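[1] Here is a sequence together with a model predicted from it:
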2 protein chains.
Amino acid sequence: MLNYKNYFDVKTLDPFTVEKGFEAVRYEAQSGTVGYYHLPKTSQALVDELKSVYHEIDRRFNTIAIVGIGGSSLGIKAIERLLRPNTPNAKNFVYLENSDPISIMSEMKQIDKFRTLFVVISKSGGTVETLSIFKRLVASFELKLENSDQIYVVSDEDSILSRFADENNLRRFVIPANVGGRFSILSAVGMVPLTLAGFDTAAILQGAQTFLDRFWNREEEHMLKKAAYYVTHSEQYPMNVLFAYSDTFEEFGKWVVQLWGESLGKKNRRGERVGLTPISLIGSVDQHSFLQLIIEGPLNKTVTFMHVEHSEEHLMIPNMSLKHLEKSDFVNGISFNALINAQCMATMQSVLQSGVSVDEIAWKQIDEGSVGEMILYYELLTSISGALLEISTYDQPGVEIGKLILAEYFKKSN
Amino acid sequence: MLNYKNYFDVKTLDPFTVEKGFEAVRYEAQSGTVGYYHLPKTSQALVDELKSVYHEIDRRFNTIAIVGIGGSSLGIKAIERLLRPNTPNAKNFVYLENSDPISIMSEMKQIDKFRTLFVVISKSGGTVETLSIFKRLVASFELKLENSDQIYVVSDEDSILSRFADENNLRRFVIPANVGGRFSILSAVGMVPLTLAGFDTAAILQGAQTFLDRFWNREEEHMLKKAAYYVTHSEQYPMNVLFAYSDTFEEFGKWVVQLWGESLGKKNRRGERVGLTPISLIGSVDQHSFLQLIIEGPLNKTVTFMHVEHSEEHLMIPNMSLKHLEKSDFVNGISFNALINAQCMATMQSVLQSGVSVDEIAWKQIDEGSVGEMILYYELLTSISGALLEISTYDQPGVEIGKLILAEYFKKSN
């Protein structure tokens, strides 16, 4: 269990707004219009099934190549990075995402085709980067398609990619129709590669379910208040910063940015443009970068400070005094983890003093249950905020135009 | 030379504002109050001197460990990542930045003490992360300090770190007093490690100087207009997005974020909080994340699209049609680089259509001269914008409070 604390003033919030947020997500969950609420339970069977083939996979492969982008890679990366320090023997991951040829070549060089399981992930099934890179892999590694047992597919039930998988008799997994790409990490999208890599995904699901139960039991009211505060103040504070103190949060921050930005940047039912802009920072490094702007720049941001009490690494600052450098001796003999936590606390205090709206999320340690909890936390926070903004949280109509322009461009040049 | 194009309306700009921006930076350069304008010339001698010891360094070391954070690492990382594809034989870099123990351990595992040159960089000389990590390295690798020829120091002339270096007779280099940390990449901060690693730093400086000459000759007016537009519209558009189409821009984007955010987030002379918030995105990946918010969310952002015509990698999308996946055949037989460029153009067009203020920066290819030009471009853009915002562009008073709170915290707990 994590600890949550809102430092901003929630007393002036309209209690009706808080209730409206809760009722909206309860309706989504109960009516079945939105599916991610059920994944912590429904994915358990999938994880059990995957565990039964784990030893066979483990014997054959040492690398999992994810062919996917956006919602099909960000969550996997986030969990892999967070849990790698406590699961050091998990298989290597290679991510083939961007259409950048330099990245694709560099990732391909890390692939031994005889030791790699390829997991091709696309909700719609038609993502141009994913399909183009998949073809490149097939050509470069001379991958056999028919009956291949080293290519897995994760997609919507009836997508073109699923049809391709069936055509070639490939192992395939379904993303439920009512689960959007950026809310899909606890579906087959994340469970298939992470379980087969050796991560304890059952414990992630358990942590997610436990948090969800507490939320439905009204034991996590802080997040309803936070969402209500963010939405009520969305014009005053159009930006929401996540300032997380450990490099291992870097990909998690990117996952939050997609979830928050793509869900909440929308035209509302009156056609007005609304939305909150997510910004992901890493402490202590960004104290030397973005912090000045938070403290003295316009008061247009909220900041969430995130830190971890216990680290997997118990590395100490030596009890060493170097002539002329005695100024730094005040941290001698403490752990680097104590330093980074103290830096978070000191920065949070200085940001609070400057009048910024702040909240705090404290992890005891980074483990599977906490990761599951954090995923549900941000998904719920997004859903509640979307409901209060009165927008369609789960679509992304704005990005379609660019895809059409791209297709037109190549049709013309052919 | 790069190509620049502003798509936003510059006709309504006050010509006086544009002139004021130019005169302000001219004054800074000519009076010598701000030093970075002179680095492209003054650093040439340093680079020549370093080249004369290059072979000796090259024989002994295969890795350069940067011990530094913020302005002492971001620029080095940016240049290394951008130029690595055309300088594949440059030495490895290891970055010891954050106080996160997991990162420090992971980087330390990559260090062979007999083959590593340690470059300790801190402008003030007292950075707590840098000094603590340095002590950890000294203890863990049992580094000899006195007369060591594998520890170089880069710092202000009279800092405690410089005194430490002199005490131990270490090779040390000076950051000019009038060059701030985030403007220091073309000083010894970047030139020492990058030259010794084998990058063609002389060509970087040449590219920077050529652009600077054109700017002083009023041949790069587009950036004066851009800065004037950004500042004039800073309340309407408080966020400036850099959307760069290649993963190799990731660290460059972080360098821009520090430069822009820390320079421009300030209280102005009337005590009002002003500032512009930088956001760094990577295409095409962030088309699947942040783009929806830009297109349908509030019109509170400007967007700069950056792309590269020619890539070092000539990787093709195979001419392959897979049953059921024919939808993606429209890009068959083209290069991935053509795809990513077309994605940039299509996205830029859709963002323009949605009414966002857009400009475009086109690289022919990523080479040393272009990198030097881009560094000066962003430094000048920052200086002009700071002058127009009437703030102290080159200090960072807001981050001092946190340092005091941190020191107090440990004094109390001792």
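    Right, received. Where do you want to start? Predicted, not measured: the structure shown is a model, and the values here were computed from it.

[2] Domain ranges for chain A, per the record?
    For chain A, the structural domains run A:3-29+A:204-397, A:34-199, going by automatic domain parsing.

[3] which one of those domains lies closest to residue B:382?
    Residue B:382 sits nearest to domain A:3-29+A:204-397 of all the domains of chain A, at 12.5 Å, using CB to CB. No exception for glycine: its C-beta is placed from N, CA and C like everyone else's.

[4] separation between residue A:185 and chain B?
    Per CB to the nearest CB, to the nearest Å, residue A:185 is found 14 Å from chain B.

[5] For the residue lying closest to that residue once chain neighbours are set aside, which residues are in contact?
    Spatially, and ignoring its direct neighbours in sequence, residue A:185 is nearest to residue A:75 (3.0 Å; CB to CB, 6 or more residues apart in numbering or on different chains). Each residue near residue A:75 by CB atoms under 8 Å, 6 or more residues apart in numbering or on different chains is listed here: A:184, A:185, A:189, A:190, A:255, A:375.

[6] In three-state terms, label the fourth one for me.
    Applying DSSP: H, G, I helix; E, B strand; the rest coil to residue A:190 yields a three-state assignment of helix.

[7] if I look at the residue located most distally from the centre of chain A, how far off is residue B:167?
    The C-alpha centroid of chain A is most remote from residue A:323, which lies 45.3 Å away (CA atoms, centre = their mean). Using CB to CB, to the nearest Å, residue A:323 is found at 5 Å from residue B:167.

[8] Identify the contacts common to those two.
    Counting by CB under 8 Å, 6+ apart, nothing touches both residue A:323 and residue B:167.

[9] Need phi/psi at the nearest residue to residue A:363 once chain neighbours are set aside.
    Distances taken as CB to CB, 6+ apart put residue A:308 closest to residue A:363, at 4.4 Å, once the chain neighbours are dropped. Residue A:308 adopts backbone torsions of phi -120, psi 120, taken as degrees, to the nearest 10.

[10] How about residue A:306?
    phi -130, psi 130.

[11] correct me, but it touches residue A:363?
    Yes. In this structure, residue A:306 is within contact of residue A:363 by CB atoms under 8 Å, at 7.3 Å.

[12] Quick check, the residue in the stretch 1-150 of chain A closest to chain B?
    In the stretch 1-150 of chain A, the residue that lies nearest chain B is residue A:70 (2.7 Å; CB to the nearest CB).

[13] can you pull out the helices in the stretch 151-300 of chain A?
    For the stretch 151-300 of chain A, applying DSSP state H, counting those that start in this stretch gives helices covering A:160-167, A:188-197, A:201-216, A:221-232, A:250-264, A:291-296.

[14] Okay, angle between the third one and helix A:188-197 too, please.
    Helix A:201-216 and helix A:188-197 are oriented at 140 degrees to each other (axes from the mean of the first three to the mean of the last three CA atoms, to 10 degrees).

[15] And the fifth one, by the same measure?
    Angle, helix A:250-264 to helix A:188-197, by the same axes, to 10 degrees: 170 degrees.

[16] hang on, the earlier thing: return the member of the contacts of residue A:75 nearest to residue B:404.
    residue A:255 (34.4 Å).

[17] what's around that closest one, how many residues?
    When neighbours are counted by other CB atoms under 10 Å in any protein chain shown, residue A:255 registers 25.

[18] got a pLDDT number for it?
    Looking at residue A:255, its pLDDT reads 98.

[19] looking at it, it is touching residue A:73, isn't it?
    No. If you go by CB under 8 Å, residue A:255 and residue A:73 don't touch, sitting 9.5 Å apart.

[20] Next, count neighbours for the closest residue to residue A:303 other than its chain neighbours.
    Closest residue to residue A:303 apart from its sequence neighbours, by CB to CB, 6+ apart: residue A:241 at 4.5 Å. Per other CB under 10 Å, the neighbour tally for residue A:241 reads 25.

[21] how close does residue A:241 sit to residue B:277?
    For residue A:241 relative to residue B:277 (CB to CB), the value is 10 Å.

[22] which residues are common contacts for those two?
    A:279, A:301.

[23] before we move on, the earlier item: possible to save the domains of chain A as a markdown table with distance to residue B:319?
    Listed next are those as a markdown table, based on distance: least, CB to CB, whole Å:
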| stretch | distance to residue B:319 |
| --- | --- |
| domain A:3-29+A:204-397 | 31 |
| domain A:34-199 | 9 |
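
[24] quick one: the residue nearest to residue A:97 when sequence neighbours are not counted from residue A:49, how far?
    In space, residue A:97 comes closest to residue A:69 once its chain neighbours are excluded; the distance is 4.4 Å by CB to CB, 6+ apart. To residue A:49, residue A:69 is 26 Å away according to CB to CB.

[25] again, but for residue A:378
    As judged by CB to CB, residue A:378 and residue A:49 stand 27 Å apart.

[26] which parts of the stretch 1-150 of chain A sit against chain B?
    A:69-71, A:74, A:85, A:97-105, A:126-129, A:131-132, A:135-136, A:138-139, A:145 (CB under 8 Å from any CB of the partner chain).

[27] Among these, which are located in helices?
    Counting by DSSP state H, the residues of the stretch 1-150 of chain A next to chain B place A:74, A:101-105, A:128-129, A:131-132, A:135-136, A:138-139 in helices.

[28] re the thing from before, need the buried ones from the residues of the stretch 1-150 of chain A next to chain B selected in ChimeraX.
    The ChimeraX command for the buried members of those (criterion: 16 or more other CB atoms under 10 Å in any protein chain shown) is given here:
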select /A:69,70,71,74,85,97,98,99,100,101,102,103,104,105,126,127,128,129,131,132,135,136,138
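
[29] where along chain A do the strands fall?
    A:3-6, A:63-67, A:92-96, A:116-122, A:151-156, A:171-175, A:239-244, A:266-267, A:273-274, A:277-282, A:301-310, A:357-365 (DSSP state E).

[30] if we can go back for a sec, select, out of the helices of the stretch 151-300 of chain A, the one closest to residue B:328.
    Here helix A:160-167 is closest among the helices of the stretch 151-300 of chain A (CB to CB), at 8.8 Å.

[31] which other residues reach the closest one?
    A:120, A:122, A:125-126, A:131, A:153, A:155-156, A:170-172, A:174, B:322-325, B:327.

[32] got it, and stretch A:34-54?
    A:25, A:28-29, A:173, A:176-180, A:183-184, A:186-188, A:191-192, A:195-196, A:198, A:201-202, A:205-206, A:208-209, A:212, A:372, A:376, A:379, A:383, A:394.

[33] let's go with 6 Å and repeat that
    A:28-29, A:176, A:178-179, A:183, A:186-187, A:191, A:195, A:201-202, A:205, A:208-209, A:379 (CB atoms under 6 Å, 6 or more residues apart in numbering or on different chains).

[34] In these, find the pair that's most separated.
    Checking those with CB to CB, the most distant pair is A:28 and A:195, at 27.0 Å.

[35] out of the two, which sits in the more crowded spot?
    Between residue A:28 and residue A:195, counted using other CB under 10 Å, residue A:195 has the larger neighbour count: 24 against 20.

[36] Having no further points to raise, I will conclude here.
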